[in-house]
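J.: just to be clear, the model below is a prediction. Sequence and coordinates:
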Amino acid sequence: MNEELNARVEALLDKQEILECVHRYCRGVDRMDRELTLSAYHPDAIDDHGAFVGNAEEFVDWAFAYHTEHQLSHHHMVFNHSVELQGNEAHAETYWLFFGENRVKPDTLAVGRYIDRFEKRDGVWAIAARVCISEAINELTPAEVPAAWREILMSNGVSSRNREDVSYERPLMTRQPTEV
């Protein structure tokens, strides 16, 4: 492989590892998996989430406590993602959407961006600094779905905010098909 192509492939791999780190963060927070969430950060990283500023361990304690107290379930989704590579440092901007099924209604729908500085240390990309920008926080009213349909639509897997969630099941097993 020529030098230019090799550099381009390495840049693509670095950007993919950074995106996978962002995804790991979202999954870790939503499943309240401490180890997975912390794997997105370098140990000395600082996270500025607006209501909280501190190191990764303290942030995870704060975030998990917040979500446990205020939500029955929550989902962090990411969209537009751009990365500027500068050697073993990278700057990323990732748009996010947050849904919180609140214990006290109405539910929350919020949008914003993660502004991250990633560093590659010992071959591993992770967050070194994060500023979480919230740009809108809205109320969302649950949909009116007949109880029988709600039960049918939501009965095909265990959704948990821990490692009992169906996404951790290996191998993944499905229910047997039903006759129509």
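T.: Thanks, I have it. Residues are numbered from 1 along each chain as shown.
J.: all helices of the protein, in order?
T.: 3-30, 34-38, 56-70, 147-153 (DSSP state H).
J.: roughly how far does the closest residue to residue 72 other than its chain neighbours sit from residue 16?
T.: With sequence-adjacent residues excluded and distances taken as Cβ to Cβ, 6 or more residues apart in numbering, residue 72 is closest to residue 101, at 4.7 Å. From N, CA and C alone the C-beta is placed, and that goes for glycine too. Residue 101 sits 31 Å away from residue 16, going by Cβ to Cβ, to the nearest Å.
J.: for the helices of the chain, which one sits closest to residue 128?
T.: Evaluated over those, closeness to residue 128 peaks at helix 56-70, with 10.0 Å, by Cβ to Cβ.
J.: so for that closest one, what gets flagged as buried?
T.: Across helix 56-70, burial judged by 16 or more other Cβ atoms under 10 Å covers 56, 59-60, 62-64, 67.
J.: do stretch 158-165 as well
T.: 161, 165.
J.: any idea of the mean pLDDT in that stretch?
T.: Stretch 158-165 comes out with an average pLDDT of 87.
J.: could you list the low-confidence segments of the chain?
T.: Applying pLDDT under 70 to the chain flags the ranges 1, 180.
J.: contacts only, for the residue nearest the centre of it.
T.: The centre of the chain sits closest to residue 26, judged by Cα atoms, centre = their mean, with a distance of 0.8 Å. Going by Cβ atoms under 8 Å, 6 or more residues apart in numbering, residue 26 touches 76-78, 96.
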